[in-house]
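> Got a sequence here, can you model it:
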Amino acid sequence: MADSLIDLRSDTVTRPTPGMREAMATAEVGDDVYGEDPSVTALEAEVAALFGHEAALFAPSGSMANQIALQLVVPPANELLCDADAHVVTYEIGAAAAYGGISSRTWPAVGADIDPDVIAAMIRPDGYF
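Got it, this is the predicted structure:
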């Protein structure tokens, strides 16, 4: 049973089955930038419909999706506040700064516990950069 499960801990853990490899090898492909990849276009349309949105975006890796999300919510030259064990800080080392101009500041990780007062004290006043 365990062999049939999909492990979603990472985009590099799950290995494709022979059927998945066959589907990839025979898929019609094209240039996604020009909207010419029918597989990506169909996937994005299906996911958009599934979630009730007008469009969706395929990101081929979790790291890419994380960096897109960070850049959507943290403007360049601003800070990302997160615990010291946050994935985007420990495993995507410096990507937020390199790609989005985002500085990161952390508080000590204490499992799943978060102290809102600690975080509130870290927020810089407006105009401080």
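> Quickly note the distance from Thr12 to Ile68.
Applying CB to CB, to the nearest Å, the value for Thr12 to Ile68 is 18 Å. Placement of C-beta: from N, CA and C, glycine included.
> Check Leu81 too.
Relative to Ile68, and taking CB to CB, Leu81 is found at 19 Å.
> again with Pro16
With distances taken as CB to CB, Pro16 is found 24 Å from Ile68.
> what's the neighbour count on Cys82?
19 (other CB atoms under 10 Å).
> do Glu92 as well
19.
> cool, the one 5 residues further on as well?
Applying other CB under 10 Å, we find 13 other residues in the vicinity of Ala97.
> Please, which helix or strand holds Cys82?
Cys82 belongs to strand 79-83 when assigned by DSSP states H and E.
> Checking Arg105 next. Helix, strand or coil?
In three-state terms, and counting by DSSP: H, G, I helix; E, B strand; the rest coil, Arg105 is strand.
> what's near enough to touch it?
By CB atoms under 8 Å, 6 or more residues apart in numbering, the contact set of Arg105 is 79-81, 122.
> Let me have those residues in TSV, extended by distance to Met64.
Shown next, in TSV, are the contacts of Arg105 (distance: CB to CB, whole Å):
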residue	distance to Met64
Glu79	22
Leu80	17
Leu81	22
Met122	27
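> Take these and write them to a markdown table, including neighbour count and pLDDT.
Below are these laid out as a markdown table (neighbours: other CB atoms under 10 Å; pLDDT from 0 to 100):
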| residue | neighbour count | pLDDT |
| --- | --- | --- |
| Glu79 | 16 | 93 |
| Leu80 | 18 | 95 |
| Leu81 | 17 | 95 |
| Met122 | 12 | 93 |
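> can you list contacts of the helix ranked longest in the chain?
In terms of residue count, the longest helix belonging to the chain (DSSP state H) is helix 38-51. Outside of helix 38-51, the residues within contact range by CB under 8 Å, 6+ apart are 27-30, 32, 35, 54-58.
> on that earlier part again, farthest-apart pair in the contacts of Arg105, please.
Using CB to CB, the two most remote members of the contacts of Arg105 are Leu80 and Met122, lying 10.8 Å apart.
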